[in-house]
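Undergrad: Okay, here's the prediction I keep looking at, along with the sequence it came from:
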Amino acid sequence: MTITSDVITCQRENAKNTAIYLGQFLKQTMIISRTAGDYNDNVRISTDNNILKAKLISTVEFDAGEATRTAYFYRNLTNEKLYQGYMLYLNRYDKDGNLDKDSTIKNNKSYSIASKRNGDPVKDYSDSIDDGEAYLYIDPIEITVTAQESGVWQSTQEIEINLTFEPDEKKLIEEFTSRSNDIDRNGVQFDAAARLDFVSDRVPYSNNIQKASEVPGIRYYVDRSKVNGKLSLNAIDQAENDEYDPYGEQSHNKSSLGINAKYIDQGSKYPEKGDTEYISIGMDYDISQLPEDDIFDGNHALKLTIKLNQKQNADNTSGYKYQPVNIQDDGDDLGYLENFKLIGKPNTSALSLTEASDDGYLYYTYTMPLPENKQGMAIQYNDDNNHFNANFEFDVKTAAKLEAIPGYRYANYKFEVTAEITGSSYSSTDHIVYTNAKVNAEYVEKKSAG
């Protein structure tokens, strides 16, 4: 086979000196039928819905032109045998609708083929496809060119495919990926192509190829909307770091989530911190309900997104809203926290965070690959209960430091973290609200216990 002047040529198996220009005389078409009943329209794959159907319809026909072309075609190709083979792809898409770099077929699966040529049965057979194959290859159909008394020669092939997937939930998730909500666009979508050659064994390598011009516009996925990881944040008491201020006895609050700028300089063991209040927040990300073999396959990562939001009055309403603010200083734009740290394991140095922006406001991300052997991860992972644990530490600006920020507010602030497994639909968000206020406690009524 050669390519000459952008025209595909194939040497006939028994020809001595003749090269027939298939690309010049023949054209192919290929579609995957979108007719009801020709494919499985139940897109939610499960152990009870684990068989997919596809129907390929292809044609090979003489590309008629001037009379000399027609005469040459029939003189050289009448009674000649051609072979058309087929490839069915299971293209895998992520939740954003992007084609995954790895669209190989996962795990072994069985399939059955029923083929027809011009309405007549040709060959029915069953087989299995191995893990890691790029596509399902369907044996070529032999086509004989016949002379036509009128019109042009054409041959139509139909291939009905049934793919049976092992009814194992973890293996189904590996193949189809999973959705945890209705807006994700991930899943598996069929695609196909046909190749043409004079010799059956050469079909897989032929450059005379036609990709499917029509495919069913659906993607098959595993529904995991009721299964997800769970992120939990909790404020860590700082009893060893803080004494009560003169008015703290009223609340006995040692979590530092209630900050009073009026008395920030009283009762602290760390006066050098000045106009800031230290807060420590523990993170627990429970992935015990997720398929561990799928997550720790070397293709995923744990990503944390860390944002700070300020409570404000809602526009034209009596309610309120939370608006993003700079989590730390961003050049000349002042942020609301200082000395922000993510501690992945006890007694270790802080992890390096990545700065990002959303509508001009600074926030942090941290991404950690999830290796197959689960070794070397910077964030603590408990293999017994499938939990990730880490701590966030930071100083909240208050009093003079807060008031130096243009547009500052004494208000409630929502510290928000999202944990997600990249390349999947698994995502969970939690938040902690702290109050940064300036209140004269002399006017706060003290209530007795009970």
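TA: Good, I have the coordinates.
Undergrad: and the helix or strand residue 191 falls within, what other elements does it pack with?
TA: Per DSSP states H and E: residue 191 is located in strand 187-197. Applying 3 or more C-beta pairs under 8 Å, 6 or more residues apart in numbering; DSSP states H and E, one finds that strand 187-197 contacts strand 26-32, strand 51-62, strand 81-93, helix 169-176, strand 209-211. Any C-beta I mention is one placed from the backbone N, CA and C, and that applies to glycine too.
Undergrad: next helix or strand past the first one?
TA: Spelled out, that is strand 26-32. strand 44-45.
Undergrad: Over to the second one?
TA: Under the assignment DSSP H and E, the closest C-terminal helix or strand after strand 51-62 is helix 67-77.
Undergrad: Next: the third one.
TA: The element immediately downstream of strand 81-93 (helix or strand, assigned by DSSP H and E) is strand 109-117.
Undergrad: now do the shortest one
TA: Scanning forward in sequence from strand 209-211 by DSSP H and E, the next helix or strand is strand 221-223.
Undergrad: quick revisit: ok, which of the helices and strands packed on strand 187-197 comes nearest residue 423?
TA: Residue 423 lies closest, by C-beta to C-beta, to one member of the helices and strands packed on strand 187-197: strand 81-93, at 10.1 Å.
Undergrad: Show me what the closest one is packed up against.
TA: Looks like strand 81-93 contacts strand 51-62, strand 136-144, strand 154-164, strand 187-197 (3+ C-beta pairs under 8 Å, 6+ apart).
Undergrad: okay, and for the stretch 51-200 of the chain, where does confidence drop off?
TA: Within the stretch 51-200 of the chain, the ranges that satisfy pLDDT under 70 run 64-69, 180-182.
Undergrad: quick one, phi/psi of residue 398?
TA: phi -150, psi -180 (degrees, to the nearest 10).
Undergrad: from memory it sits against residue 278, does it?
TA: No: under the criterion of C-beta atoms under 8 Å, residue 398 makes no contact with residue 278, lying 11.2 Å away.
Undergrad: Comparing these two, which residue is more hemmed in?
TA: Neighbour totals were compared for residue 398 and residue 278, and residue 398 leads with 23 against 17 (other C-beta atoms under 10 Å).
Undergrad: for that one, what are its contacts?
TA: By C-beta atoms under 8 Å, 6 or more residues apart in numbering, the contact set of residue 398 is 259, 261, 264, 275-277, 436, 438.
Undergrad: now, which of the residues you listed lie within strands?
TA: 259, 276-277, 436 (DSSP state E).
Undergrad: which stretch among the helices and strands packed on strand 187-197 comes nearest residue 328?
TA: Comparing the helices and strands packed on strand 187-197 by C-beta to C-beta, strand 81-93 comes nearest, at 36.2 Å.
Undergrad: Could you check how far the closest one is from the centre of its chain?
TA: 26 Å (C-alpha atoms, centre = their mean, to the nearest Å).
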